[in-house]
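K.L.:
this one's structure only:
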């Protein structure tokens with residue numbers, strides 16, 4: 001028991017003191033100093049920050065956001081199939097009408113150009129014929145006192161104004177007088193002189209200058225030459241068409257292209 005008591009006392013650790021023992025040291029603020037009283041600590045100055053800018057005055061009041069709880073669906077317009085069909089048909093009709101107007105405008109423009117060309121050609125042919133006629137008359141009458149030519153006697157040149165000064169036919173020319181058609185093609189008869197096909201309330205005389213080859217076929221026709229009394233476009237056209245169908249006698253010794261005229265007299269029906 002004594003041994004157990006000694007072991008218990010010897011191995012029990014002493015309780016630590018309530019306060020730690022040691023030496024207090026004044027750290028101070030410098031290595032030297034004097035006096036027995038601890039100086040008061042220096043007053044600590046609080047750092048002041050600049051006042052914040054008044055941003056509240058610059059902020060604009062927020063506008064209230066408009067919201068809509070119910071979303072409106074777009075209105076779908078119903079298309080009437082019949083009305084849409086009529087609209088498309090009207091657009092197509094308008095387009096065709098514009099095309100017709102444009103075609104008619106171009107046709108009239110071409111007709112005006114052709115009319116002016118015919119007038120210029122007539123004037124040119126008239127000038128050529130007048131110069132040729134004057135030259136021939138002057139050459140024939142050179143050194144003579146004659147004042148005319150013909151078979152019936154009297155002053156003047158017997159014949160028609162639309163004839164040729166080289167022709168020896170003194171009458172009104174050859175042709176089909178009962179049909180109002182005559183022609184002048186020196187030394188050649190005709191096989192057929194078709195009458196113009198027309199149903200038109202117009203009248204006048206149309207002289208067509210024709211170019212005939214050796215076989216007697218008309219290869220070119222120019223209506224409205226000297227001697228014509230009308231420039232009606234319709235009458236000029238039908239006269240040209242009829243002249244191109246005319247047929248004359250073949251003549252192997254004739255010029256390759258022999259020129260002459262066919263005259264059509266249009267009378268009101």
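P.N.:
Ah, there it is. Just so it is clear, the structure is predicted and the values come from calculations on it, not from any experiment.
K.L.:
So in the chain, which helix runs the longest?
P.N.:
Identified as the longest helix of the chain according to DSSP state H is helix 81-140.
K.L.:
on contacts alone, who are the packing partners of it?
P.N.:
helix 233-245 (3 or more C-beta pairs under 8 Å, 6 or more residues apart in numbering; DSSP states H and E). In this view, the C-beta of every residue, glycine as well, is placed from N, C-alpha and C.
K.L.:
quick one on the thing from earlier: just the angle between the longest helix of the chain and helix 233-245, please?
P.N.:
70 degrees (axes from the mean of the first three to the mean of the last three C-alpha atoms, to 10 degrees).
K.L.:
Could you list the low-pLDDT ranges of this structure?
P.N.:
Across the chain, the ranges flagged by pLDDT under 70 are 10-28, 35, 40-77, 129, 132-179, 269.
K.L.:
domains for it, by residue range?
P.N.:
The record's domain parsing of the chain by automatic domain parsing lists 84-142, 175-266.
K.L.:
so of those, which one's packed in deepest?
P.N.:
domain 175-266 (a mean of 17; mean count of other C-beta atoms under 10 Å).
K.L.:
picking up where we left off before, Serialize the domains of the chain to JSON lines and add fields for distance to residue 6.
P.N.:
Formatted as JSON lines, these follow (distance: least, C-beta to C-beta, whole Å):
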{"stretch": "domain 84-142", "distance to residue 6": "125"}
{"stretch": "domain 175-266", "distance to residue 6": "162"}
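K.L.:
Minimum distance to residue 1: which of these has it?
P.N.:
Smallest distance to residue 1 across the domains of the chain (C-beta to C-beta): 127.0 Å, for domain 84-142.
K.L.:
where do the strands sit along the chain?
P.N.:
In the chain, the strands defined using DSSP state E lie at 148-149, 156-157, 174-176, 181-184, 190-192, 204-212, 218-223, 247-248, 258-266.
K.L.:
which one of those strands lies closest to residue 119?
P.N.:
strand 218-223 (12.1 Å).
K.L.:
List of residues touching the closest one?
P.N.:
Under the criterion C-beta atoms under 8 Å, 6 or more residues apart in numbering, residues 118, 121, 206-213, 236-237, 239-240, 243-248, 257, 262 lie in contact with strand 218-223.
K.L.:
redo that, cut-off 6 Å
P.N.:
Strand 218-223 is contacted from outside by 206, 208-213, 236, 239-240, 243-244, 246, using C-beta atoms under 6 Å, 6 or more residues apart in numbering.
K.L.:
Same question for stretch 245-256.
P.N.:
Stretch 245-256 has contacts (C-beta under 6 Å, 6+ apart) with 185, 188-194, 212, 214-216, 218.
K.L.:
Look at it and report the distance between its end residues.
P.N.:
Start-to-end span of stretch 245-256 (C-alpha to C-alpha, to the nearest Å) is 19 Å.
K.L.:
I'd like the contacts of strand 218-223 as a markdown table, with distance to residue 36 appended.
P.N.:
Shown next, in a markdown table, are the contacts of strand 218-223 (distance: C-beta to C-beta, whole Å):
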| residue | distance to residue 36 |
| --- | --- |
| 206 | 156 |
| 208 | 157 |
| 209 | 156 |
| 210 | 159 |
| 211 | 156 |
| 212 | 161 |
| 213 | 159 |
| 236 | 151 |
| 239 | 156 |
| 240 | 152 |
| 243 | 157 |
| 244 | 154 |
| 246 | 162 |
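K.L.:
follow-up on the earlier one: Serialize the contacts of stretch 245-256 to JSON lines and add fields for distance to residue 102.
P.N.:
Formatted as JSON lines, the contacts of stretch 245-256 follow (distance: C-beta to C-beta, whole Å):
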{"residue": "185", "distance to residue 102": "43"}
{"residue": "188", "distance to residue 102": "47"}
{"residue": "189", "distance to residue 102": "49"}
{"residue": "190", "distance to residue 102": "44"}
{"residue": "191", "distance to residue 102": "44"}
{"residue": "192", "distance to residue 102": "41"}
{"residue": "193", "distance to residue 102": "40"}
{"residue": "194", "distance to residue 102": "36"}
{"residue": "212", "distance to residue 102": "40"}
{"residue": "214", "distance to residue 102": "45"}
{"residue": "215", "distance to residue 102": "43"}
{"residue": "216", "distance to residue 102": "43"}
{"residue": "218", "distance to residue 102": "35"}
